[in-house]
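Engineer: Please work out how this folds:
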Amino acid sequence: MSKRALLGCIAALATMLLFDLLISVSGWQLDLPLETGLGGIPLGSLLVTFGAMLLGGWIARRRFRWIALGLAAALWLAVVGVLWVTAQPPMDSLALVLKYNALAIGLSLAAAWFGAMLGERLGERRVGVPG
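Structural biologist: Below you'll find the model as predicted:
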């Protein structure tokens with residue numbers, strides 16, 4: 001992994017953690033999911049994921065899409081693990097946790113991919129910066 005890719009990872013994760021910290025400290029309810037028949041859609045998290053991966057891709061400039069996808073998947077793996085361990089009825093099985101969050105997981109992975117892709121393209125367009 002190149003230094004740029006590592007810096008992109010750090011920037012993306014720091015952006016996401018900073019957003020979560022600001023939400024926790026402020027008490028704002030910016031990330032309440034939009035409920036649909038297919039599950040909840042956390043619009044705030046999707047926007048932050050897109051922006052964080054855009055920043056990471058911009059810093060890395062190339063080959064960040066798969067890294068962004070891996071970061072988003074790892075974060076969702078942790079979230080699903082915590083939800084499964086702490087689940088109460090009626091959502092007390094892994095299948096139900098995954099079923100309820102499948103739409104959010106898919107949209108989050110797509111936001112990470114497209115954010116990283118756009119960031120890479122913007123990063124490559126920077127004039128006068130050595131690659």
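
Engineer: does residue 87 really touch residue 98, like I thought?
Structural biologist: No. With contacts counted by Cβ atoms under 8 Å, residue 87 stays clear of residue 98, the gap being 11.2 Å. C-beta coordinates here come from the backbone N, C-alpha and C atoms, glycine included.

Engineer: what's in contact with stretch 24-37?
Structural biologist: 22-23, 40-45, 103-104 (Cβ atoms under 8 Å, 6 or more residues apart in numbering).

Engineer: can you check stretch 72-87 too?
Structural biologist: For stretch 72-87, the external contacting residues (Cβ under 8 Å, 6+ apart) are 16, 49, 53, 91, 93-94, 96-98, 101, 105, 108-109, 111-112.

Engineer: Could you rerun that using 10 Å?
Structural biologist: Outside stretch 72-87, the residues within contact range by Cβ atoms under 10 Å, 6 or more residues apart in numbering are 12-13, 16, 45, 49, 52-53, 91-98, 100-101, 104-106, 108-113, 115-116.

Engineer: Can you point out the buried residues in that stretch?
Structural biologist: 72, 75-76, 79, 83-84 (16 or more other Cβ atoms under 10 Å).

Engineer: Could you pull out the strands in the protein for me?
Structural biologist: For the chain, the strands defined by DSSP state E cover 34-36, 39-41.

Engineer: so how far is the first one from its chain's centroid?
Structural biologist: Read that as strand 34-36. With Cα atoms, centre = their mean, to the nearest Å as the basis, strand 34-36 stands 19 Å off its chain's centre.

Engineer: got any ranges where this protein has weak pLDDT?
Structural biologist: 30-31, 127-131 (pLDDT under 70).

Engineer: Mind naming the longest helix for it?
Structural biologist: Across the chain, the longest stretch assigned as helix under DSSP state H is helix 94-125.

Engineer: Tell me the buried residues in that one?
Structural biologist: By neighbour count on 16+ other Cβ under 10 Å, the buried set for helix 94-125 is 97, 101, 103-105, 107-109, 111-117, 119-120, 123.

Engineer: same check, this time on stretch 14-30
Structural biologist: Quick answer for stretch 14-30 (16+ other Cβ under 10 Å): 15-16, 19, 23.

Engineer: Tell me which residue is most central in this structure.
Structural biologist: Residue closest to the average C-alpha location in the chain (Cα atoms, centre = their mean): residue 49, at 3.6 Å.
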